[in-house]
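Visitor: need a structure here:
(chains A and B)
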Number of protein chains: 2
Amino acid sequence: MKFMDVHHGMAGITAEQLRQAHQADLEIQGDEGVRFEQAWADPDSGTVYCLSEAPSKEAVQRIHDRTGHPADEIHPVPLSV
Amino acid sequence: MKFMDVHHGMAGITAEQLRQAHQADLEIQGDEGVRFEQAWADPDSGTVYCLSEAPSKEAVQRIHDRTGHPADEIHPVPLSV
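Guide: Okay, here's the model as predicted:
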């Protein structure tokens, strides 16, 4: 199942910070069977979107919790084009 | 510039409706220099995310307006991994 998770409050995030946060997730994602695919950030509004393939939203959140950036929303996105 | 736009209130959207909405956007996107890349939907919460490459958020919205599904939020996402 694919999930889109959303983080708020990330105003001012830099390319390097986004890269490091994503890398931290990648390093432990296998513990929960999660595969983070892409992430996008809007430094002005402080919004970050992460797309993942995962067994559950809880699995996604456990990875984000452990790397110190819990998601504010996690939506399953079973449909895509 | 890449943009992530978000539509709310789409509860119950089907794969076919998502495909048709995306196709309608693709057919006229060139009028505004927009290129819609991907879209994901959560039929339960009624949320749709669209990723595009476009000259401005206004250009993205003009396409979505013309195809009858204006976005509720459009965020530039200059950073991605």
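
Visitor: buried stuff in the helix or strand harbouring A:Phe36?
Guide: A:Phe36 is part of strand A:35-42, with elements assigned from DSSP states H and E. For strand A:35-42, burial by neighbour count (16 or more other C-beta atoms under 10 Å in any protein chain shown) applies to A:36, A:39-42. To be clear about C-beta, it is placed using only N, CA and C from the backbone, and glycine gets the same treatment.

Visitor: roughly how far apart are A:Met1 and A:Ala39?
Guide: Distance, A:Met1 to A:Ala39, by C-beta to C-beta, to the nearest Å: 18 Å.

Visitor: near chain B too, which of the buried residues of strand A:35-42?
Guide: Of the residues in the buried residues of strand A:35-42, proximity to chain B by C-beta under 8 Å from any C-beta of the partner chain holds for A:39-42.

Visitor: give me the mean pLDDT for stretch A:39-51.
Guide: Across stretch A:39-51, the average pLDDT comes to 97.

Visitor: measure it end to end?
Guide: From its first residue to its last, stretch A:39-51 covers 6 Å (C-alpha to C-alpha, to the nearest Å).

Visitor: contact partners for A:Ala11?
Guide: A:43-46 (C-beta atoms under 8 Å, 6 or more residues apart in numbering or on different chains).

Visitor: what is the nearest of those residues to chain B?
Guide: A:Ser45 (5.7 Å; C-beta to the nearest C-beta).

Visitor: contacting residues for A:His8?
Guide: With C-beta under 8 Å, 6+ apart, A:His8 has these contacts: A:46-47, A:72.

Visitor: oops, could you answer that again for A:Arg35 instead?
Guide: With contact set as C-beta under 8 Å, 6+ apart, A:Arg35 has these partners: A:29, A:52-54.

Visitor: do A:Thr47 as well
Guide: A:Thr47 neighbours (C-beta under 8 Å, 6+ apart): A:6-8, A:10, A:41, B:4, B:75.

Visitor: any idea which of those has the most stuff around it?
Guide: Highest neighbour count within the contacts of A:Thr47, by other C-beta atoms under 10 Å in any protein chain shown: A:Ala41, with 28 neighbours.
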